[in-house]
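Trainee: Have a look; sequence and predicted model below, questions after that.
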Amino acid sequence: MKQIFESERIAFVAVTEELTAAYLNMINDIERVARFIGKRTLPITEEQERQWIRRKLADGDAIWSMVEKKTGAFIGNIELMDIRDGVGELGIAITADMQEKGFGKEAIPAVIAYVVKQYDLYRIILKAYPFNARAIHVYETCGFKEYDRTDDNVFMETIPADFDPKTVWSEHVQGINTLYLSRKLRFDARFFEQYERLFGIDRDKTLRILEIGCGPGALAESLHRWYPNAEITGIDRDKNFIAFAKAHVPGVAFLEGDAARLPFLDDTFDVTVSYTVSEHVEPNAFFGEQRRVLKPGGICLCLSARKGIRCTAPCLAPTAEEKAFWDSIPEEEGSFEQLRVRRFPMTEAELPACMERNGFTDVTTGFAVVDLTPDAPQYPKETAEAMIEAERQNDLEAIRSAHAEHDKAAVAAVNRKYDERLRLYRAGEKQWDTSVSVTMVVRGTK
């Protein structure tokens, strides 16, 4: 038998025809084992079982047999199913003779530790029968928590990785202040004329608008101001963003939710809008869900950040303290791959084509250009200083998101250099530093 990995008492081996008899004894034990696995026609024949083994091996499924290291006795099988988008479903069956010996409590954490790295998972789910109290207790001991329940099933989940999807963005990618302050500037009223032309939304109509991936609510706040007759809803997977938005953005409904599984009925909204979200969600799910929740004739607006211009003032150049801090962070820590972000980037040509493939018609593209130059005379003092403060928060939250020790010197250095930038601005000593963002707007109709 081929061992794949092990725990203290258990060898996890590839399924094998050598264990066919043991598999049959377990799967055909209707009273003590099979009824906890699922509804099936029993008994399973030897030939059926051998075909099942061959199919599992041929498909390379994530399933392992558990064998007691000390005696070589068969314990049961454990499997990870339906692996996609960082989520997998766990299933386990233990023979009656090996139950109540602690093998389940040992096997589940060992498998989780193995599959998280092997399959790049951030969430593992499972189903248990409500009447199987013993199994539910074992799962809870192993870190699973109930998230839903029906008459037939208890649905449980665990987040085994360091990055909780409900906080991963705000704590590891972009902080609340970084997103909120930068987006307030990009969607300032002075730039509305560009967006209004590209959006093509009737301001006088009573509409239901859904912003997907709303973050801390800055764009939703602008939408509420730009379209006063509309009912605005914002949804984001990050609970920290939603909590901030609820506390700081009045007049908009905010809730937690997944862009790939929108918690709304079909034909609910007149408009869906997203900003820098498409590159993080599987495209067919991203556009498919929007098309589902849009009413016939509804508008899908996909806003995507494109390459802009950035010129930094000399006083804002990276300091020695910042360089020392970032050099101390392991290269792989916080990588896009580890954080599971920006996995689906598309070019300026691919994005509208993808929208069309997902059933949208009358697809158009356009670009909004936002020039944020503090020293430009068209900006009042309040706006100019807001630009500088937004950059400060970006640098500070980047340091904090690294969750590393010895960050005090870097934080202090960042504050000193931005204090100097403000001093220069207030003294009228122009630096002409600038940040020009380019936003592609792709518009389609259901």
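Mentor: Now that the structure is in, tell me what you want to look at. Residues are numbered from 1 along each chain as shown.

Trainee: Relative to residue 188, how far out is residue 248?
Mentor: Distance from residue 248 to residue 188, counting by C-beta to C-beta, to the nearest Å: 16 Å. C-beta coordinates here come from the backbone N, C-alpha and C atoms, glycine included.

Trainee: between the two, which one's more packed in?
Mentor: The neighbour count for residue 248 versus residue 188, taken as other C-beta atoms under 10 Å, is higher for residue 188 (16 against 13).

Trainee: burial of residue 20, as a residue count?
Mentor: The local packing of residue 20 (other C-beta under 10 Å) involves 16 other residues.

Trainee: Then residue 256?
Mentor: Neighbour count of residue 256, defined by other C-beta under 10 Å: 14.

Trainee: That one contacts residue 245, doesn't it?
Mentor: No: applying C-beta atoms under 8 Å as the test, residue 256 and residue 245 come out as separate, 10.6 Å apart.

Trainee: Which residues are in contact with each of the two?
Mentor: Counting by C-beta atoms under 8 Å, 6 or more residues apart in numbering, the contacts common to residue 256 and residue 245 are residue 236.

Trainee: At which residues are the strands of the stretch 101-250 of the chain located?
Mentor: With DSSP state E, counting those that start in this stretch as the criterion, the stretch 101-250 of the chain has strands at 123-128, 145-149, 154-158, 208-212, 231-236.

Trainee: The closest residue to residue 373 other than its chain neighbours: what's it in contact with?
Mentor: Closest residue in space to residue 373, ignoring its immediate chain neighbours: residue 434 at 4.1 Å, by C-beta to C-beta, 6 or more residues apart in numbering. The contact partners of residue 434, by C-beta under 8 Å, 6+ apart, come to 309, 310, 311, 371, 372, 373.

Trainee: For ChimeraX, write the select line for the buried members of those residues.
Mentor: Only the buried members of the contacts of residue 434 enter the following ChimeraX selection, criterion being 16 or more other C-beta atoms under 10 Å:
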select :372,373
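
Trainee: for the contacts of residue 434, which one is nearest residue 105?
Mentor: Nearest to residue 105 out of the contacts of residue 434 is residue 310 (C-beta to C-beta; 52.7 Å).

Trainee: Find the residue at the geometric middle of the protein.
Mentor: Centroid-nearest residue in the chain, with C-alpha atoms, centre = their mean: residue 165, separated by 5.2 Å.

Trainee: so who does it touch?
Mentor: Contact analysis of residue 165 by C-beta under 8 Å, 6+ apart lists 86, 122, 123, 159, 237.

Trainee: gap between it and residue 122?
Mentor: Distance from residue 165 to residue 122, counting by C-beta to C-beta: 6 Å.

Trainee: Need the residues touching each of these two.
Mentor: Common contacts of residue 165 and residue 122 (C-beta under 8 Å, 6+ apart): 86, 159.

Trainee: before we move on, back to that, and the contacts of residue 434, which is closest to residue 108?
Mentor: Closest to residue 108, out of all of the contacts of residue 434 and judged by C-beta to C-beta, is residue 310, at 47.9 Å.

Trainee: what are the phi and psi values for the closest residue to residue 120 other than its chain neighbours?
Mentor: Leaving aside its sequence neighbours, residue 120 sits nearest to residue 86 (C-beta to C-beta, 6+ apart; 6.4 Å). Dihedral angles of residue 86 (phi, psi; degrees, to the nearest 10) stand at phi 80, psi 10.

Trainee: quick one: residue 86 from residue 364, how far?
Mentor: Distance from residue 86 to residue 364, by C-beta to C-beta: 33 Å.
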